[in-house]
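Asker: coordinates for the following, if possible.
(2 chains)
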Amino acid sequence: MLAIIVLAPLIGALINGLLYASGISKKLTSKPDNKEVISYIACGAILISALLSTYLFINLIKSDPDSRLIVSEFFTWIPSGEMNIKFELLFDTLSAVMAMVVCWVGFLIHVYSIGYMHHDKSYARYFTYLNIFIFFMLMLVLGNNFLMMFVGWEGVGLASYLLIGFWYEDSLKAYAGRKAFIVNRIGDFGFILGIFLIFTVFGSLNYQDVFSKLADPVFAGGISVSIITAIALLLFVGAVGKSAQFPLYVWLPDAMAGPTAVSALIHAATMVTAGVYMVSRCSMIFNMSPIALNVILAVASLTAFLAATIALTQNDIKKVLAYSTVSQLGYMFMAAGVGAYMFAIFHVVTHAFFKALLFLGSGSVIHAMSDDQDIRNMGGLRKMIPTTAITFLIGTLAISGFPLLSGFFSKDEILASVYNSGNTFFWIIGCITAVFTAYYMTRLYILTFEGSPRMSTEVKKNIHESPRSMTIPLIVLAILSVIGGLIGVPHFMSEGVGLSHFPNLIEEFLASSVSMLPHEAPHGSGFHLGHWALVFISIGAAFLGILIAIIQFMVIPNVLSKKVEKGNIIKGLYKGSLNKWYVDEIYNDIFVEPFNDFSRQFSNFDKSVVDGALNGLSDSVKNLSRKMSSFQSGLTRYYAVAMVCGVILIVAVLVF
Amino acid sequence: MYNNILSILIFLPLAGILLLVALPYISKNSDKHLKLAAFFITLVEFVISIPIFFLFNKNSAGIQFEEAVKWFPDIGISYHLGLDGISLLLVLLTTFMFPITVLCSWNAIDKGLKVFLAMILFLESALIGTFVALDMILFFIFWEAVLIPMYFIIGIWGTSRRIYAAIKFFIYTAFGSGLMLIAIMYLYFAHISQFGTPSMDIFDLYKVSLPFDGILSPQGLCFLAFFLAFAIKVPMFPFHTWLPDAHVEAPTPGSVILAAVLLKMGTYGFIRFLIPYFPEATQSYLGVLIVISLIGIIYGAMVAFVQKDLKKLVAYSSVSHMGLIMLGIFVFNIQGLEGGIYQMIGHGLSTGALFILVGMIYERRHTKMISEFGGISKVMPVFATLFMIAMLSSIGLPLLNGFVGEFLVLLGAFKLNYWYAVIGATGLILGAVYMLWAYQRVMFGKLDKVANQELKDLNFREIGLVIPLIIMMFVMGIYPKPFISRIEPTVKEIISRTENKISYSYKEVSRELTPPSQN
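Answerer: Residues are numbered from 1 along each chain as shown, chains lettered A, B, ... in the order given. Sure thing, here's the model as predicted:
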């Protein structure tokens, strides 16, 4: 059954791919009605996966907490000497949560795409890629060894490359796809080295083998912490690439060149969270290395903060969401960095709901705006596309951490666990980032939907609410964004409101597959904030951000023209943020250009030195033989003289 | 029938040449019939070679399908053929590639078709002979025989600088072979002096032990001679410059055979001769050999990156990939060797496919300059898709053949010294860099060149000849077990044969990493 879950999308992709290739799709798409066939195949394929994983998921919940594990082996993939890597799948609680998110959010986005891509000429190609993506993503989360994860890992990278560059006629989009693939490969480079090290140390790549050896105190005691740290950090390099953390996050904002539904599916809800999944899957490894955890925490906090500062000033609706995604991924890794993997996964889930919602909402806006993405040209859209506006508002509030919405619970638990682990500095950064988040999201909402319309009249004429295939997913995701947090209500909260029996579902569920680092109370100072104080601080942060944005963009009029004329420092900061702190330019100068130069010089070297030496050699042989040939003058006298000289020489050598 | 299958495989193409010679006297529409006849012969050759794969006993490390006939018994030369796990796959790669090559010369050859096809058949005989010969002289004859048809294929049917490229190819590789012949003679006489009987049998010569004391000692010099012969053939950095020239000038079928099969003669030679014959010398220069391989990986990739000619780019990518194969061979543990051998086949498929595809666009546009293209995806979607798959196989995407080989090679390298793997694995990144960059410039972007706008997508024959390659890429990527299991006994045998003489520090590395075992 696990195999069917993974293979169904592949089969869907194959059918649609063949339809595309054989040119049947061209005939079909000339009559719009027949696009339905393609959509049914694609959505049907993923619906099969979704229903089956739900079935298994329910079974898993019903079964005994200690035996929540389904493993199926298929056949040997790479046998070599003592190594025997199999195709094998695993459905444990962690995989189950990820698979549910991938399948159901994926399904909604497939449905949304029917409307969103309706006018596209390459409709079949689009759905082929989308199904391929789901196939690899499921392989990633359901694989039962590190190499299976790597297959999915590279595969989703491929799907992402194909989909970012979907409209390849625009070279900028093709460039964005290529950039994503290459930056991801840099991360994969770390991942594969990590896999080599795991194999060398544990002699296996199977999860159960590796983790049971790690759980064995005798074996684990024999491995030095530095080796575990090396494994953990190499794996984390992979996560940094795939999950767009500093310094490899630069591909994600550019990835917005793809169709918006793709941004929602791959670059917000699922693929980019693969790194979080990987770190959680290897929680046992990371728990053993305090250094690795600290590195994660520091990188994650920096990413969350940096990306949030860039999001403050962006004017492209998708760019704001992209940087917001980077920032939110930073939050997830912050949780992982203090060993609170469950909250990281919890945030993966809630983020999948509200960020997919926001992206799909932005797609709906872009659809209405005749493909304009600049929020300076929007405004007042709430009255024209109300469903999109309301759902977008819900998404905005959820991500800002508005009390009782999904983002509130997950973000609050992350911040609380960072605080409780004693990393007060990173907690403060997290709180500031929360203020920024609330601010830029509110700014985005206001500039898009409130105020007076700023678009040209032509665009305005064409504004219409999206078709039902697009709005229904929005509504479903909005509902999930509201109630999604209930799967992880902390105990002190449910107790606080008198529902002491209301369980923290996700924490209990994940306990069998993720090992959480126990929380320690902060040492040293006697001052310690309690649970509720932390909650109120994060609520405060959310409201502060929302409030500033409302004052700035709704109360003070004409803010758009005024903003830049402030003091020098603020102006400088504003410019820096608007230009993404020039990170792309810096990378270009210190990596890309030198690489180009070196390659060019190597090529010249190849021509002039390596090949030059060879041609020089052959030329000198030619010259030498030309000179030699002059000896063969045909004049007997010279031959006689030479012979005599030779005889004398030989005699001389023999005698002396 | 299969007792003499290797002889049949060698002589069937030669017999086919007679058919080609006779054909114009029989048929009027001879060109078409010539092509069909050549295709038929190579196809029959492939079909009768398939059962070898299944009849091959995968539990045996020994020589199978052996044939031995005394030839010049007085001086110890015999007609001795046989297969082990390594040559098995190379023979099958050869028989698999030739029907495809004939199909892809369908329109590429406009003059002297009969001679051309005869050359191709001759080449097939010589290549198979090279891989199955177990007598040193027999091997050398086949080895040299390969040069002749290839020289003419480049020199007659090539593009503008074909004469330069053909001569460069010929002299460079013949120079290496000349040195090798001297070393063979030395080995032969050493065998006589050590065992009293003359023998050119490859396995008899394994027993010869030459004194080793630095590069100027007998073993050192013989090592150097063999090394140069094989290193030029592979080609390893810095002996590679004949390859881009040969590829750029050669007609498509020539490039395909050159990249897919001919280069493997060098890597085959390393495994079959260099390491077993000169274990002490190999051991001494192991570090150097590995470093040269690593340089080749990175250097080849970076030079490929800036090429303006698509074919030259693929040629330099070959330099990079062959570096990876050499790395696998020189790390000399199970994973490294198996990965190296696997990658020989894998590289044959993916680079062969890439050259075929480049040839197809060349036939349409008569240029290979990358800057002349752009937006080809739009007019040739099937071509773009097939190119994409071949490219992904070349850059080692999992579930395609390239990944399995690269993974094993790098794992083997990691076990020896993790820095080897770190440097080798940067090749994975660089591969993506130059390949995707080239792909983007050719396939993506605006279709702004007028000459490109009317391009026709691949026809039935063209799709048909690439599809088998694509299928094999997936098969070898998803289910490598039948292949690896046939290589493994031979690899283990090679390692154990030289175990006493070549000791590796990787055992120490592993011990350092792995805690004491508790059973």
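Asker: for the chain, which spans come out with low pLDDT?
Answerer: Assuming you mean chain A. Under the criterion pLDDT under 70, the flagged ranges of chain A are A:22-34, A:498-501, A:518-528, A:557-567.
Asker: to clarify, I was referring to chain B.
Answerer: The low-confidence ranges in chain B, as defined by pLDDT under 70, are B:1, B:499-519.
Asker: tell me the domain boundaries of it?
Answerer: For chain B, whose domains are defined here by automatic domain parsing, the residue ranges read B:1-173+B:237-266, B:285-289+B:307-507.
Asker: can you say which of those is packed in most?
Answerer: Using mean count of other CB atoms under 10 Å in any protein chain shown, the stretch among the domains of chain B with the greatest mean number of neighbours is domain B:285-289+B:307-507 (a mean of 22). In this view, the C-beta of every residue, glycine as well, is placed from N, C-alpha and C.
Asker: thinking again about what came up before, got JSON lines for the domains of chain B, with distance to chain A too?
Answerer: Conversion of the domains of chain B to JSON lines gives the following (distance: least, CB to the nearest CB, whole Å):
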{"stretch": "domain B:1-173+B:237-266", "distance to chain A": "4"}
{"stretch": "domain B:285-289+B:307-507", "distance to chain A": "3"}
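Asker: quick one: residues contacting residue 305.
Answerer: No chain was given, so I picked chain A. If a contact means CB atoms under 8 Å, 6 or more residues apart in numbering or on different chains, then A:Phe305 has A:Ser327, A:Gly330, A:Ile429, A:Ile432, A:Thr433, A:Phe436 as its contacts.
Asker: wait, I meant chain B there
Answerer: For B:Phe305, the contacting residues are A:Phe595, A:Asn596, A:Ser599, B:Leu430, B:Val433, B:Tyr434, B:Trp437, by CB under 8 Å, 6+ apart.
Asker: and A:Phe107, what element?
Answerer: When secondary structure is defined by DSSP states H and E, A:Phe107 falls within helix A:93-116.
Asker: what parts of the stretch 551-656 of chain A come near chain B?
Answerer: On the criterion CB under 8 Å from any CB of the partner chain, chain B has as its neighbours in the stretch 551-656 of chain A the residues A:Phe595, A:Asn596, A:Phe598, A:Ser599, A:Arg600, A:Phe602, A:Ser603, A:Asp606, A:Val610, A:Asp611, A:Leu614, A:Ser618.
Asker: does the fourth one touch B:Met302 like I think?
Answerer: This means A:Ser599. Yes - applying CB atoms under 8 Å as the test, A:Ser599 and B:Met302 come out as touching, 4.2 Å apart.
Asker: and the residue of chain A closest to chain B?
Answerer: For chain A, the residue closest to chain B is A:Gly222, as judged by CB to the nearest CB, at 2.4 Å.
Asker: that residue: neighbour count?
Answerer: By other CB atoms under 10 Å in any protein chain shown, the residues close to A:Gly222 number 15.
Asker: same deal with A:Asp597?
Answerer: Taking other CB under 10 Å as the criterion, the count of residues near A:Asp597 is 11.
Asker: what about the nearest residue to A:Leu10 once chain neighbours are set aside, distance to A:Cys103?
Answerer: Leaving aside its chain neighbours, A:Leu10 sits nearest to A:Phe135 (4.2 Å; criterion: CB to CB, 6 or more residues apart in numbering or on different chains). When distance is defined by CB to CB, to the nearest Å, A:Phe135 is 12 Å away from A:Cys103.
Asker: and what of A:Ile375?
Answerer: From A:Ile375 over to A:Cys103 (counting by CB to CB), the distance is 32 Å.
Asker: those two - which one has more neighbours?
Answerer: Neighbours per residue (other CB under 10 Å) separate A:Ile375 from A:Cys103, with A:Cys103 holding more: 28 against 25.
Asker: which residues does the nearest residue to that one once chain neighbours are set aside contact?
Answerer: Counting by CB to CB, 6+ apart, the nearest residue to A:Cys103 once its immediate chain neighbours are dropped is A:Ala50, at 3.7 Å. Applying CB under 8 Å, 6+ apart, one finds that A:Ala50 lies in contact with A:Met100, A:Cys103, A:Trp104, A:Gly106, A:Phe107.
Asker: ok, B:Glu249 next?
Answerer: Residues counted as contacts of B:Glu249 (CB under 8 Å, 6+ apart) are B:Ile154, B:Gly158, B:Thr159, B:Ser160, B:Arg161, B:Arg162, B:Tyr164, B:Ala165, B:Ala166.
Asker: look up phi and psi at it.
Answerer: Recorded main-chain torsions at B:Glu249 are phi -90, psi -30, according to degrees, to the nearest 10.
Asker: tell me where chain A has strands.
Answerer: Listed in chain order, the strands of chain A (DSSP state E) span residues A:69-80, A:83-92.
Asker: would CSV of the ones you listed with mean neighbour count be doable?
Answerer: Listed next are those as CSV, based on neighbours: other CB atoms under 10 Å in any protein chain shown:
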stretch, mean neighbour count
strand A:69-80, 17
strand A:83-92, 21
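Asker: a markdown table please, covering those and showing distance to A:Ser63.
Answerer: Below are those laid out as a markdown table (distance: least, CB to CB, whole Å):
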| stretch | distance to A:Ser63 |
| --- | --- |
| strand A:69-80 | 9 |
| strand A:83-92 | 11 |
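Asker: for B:Lys111, find the nearest of these.
Answerer: Among these, the nearest to B:Lys111 by CB to CB is strand A:69-80 (46.9 Å).
Asker: that closest one to strand A:83-92, inter-axis angle?
Answerer: The directions of strand A:69-80 and strand A:83-92 differ by 160 degrees, with axes from the mean of the first three to the mean of the last three CA atoms, to 10 degrees as the criterion.
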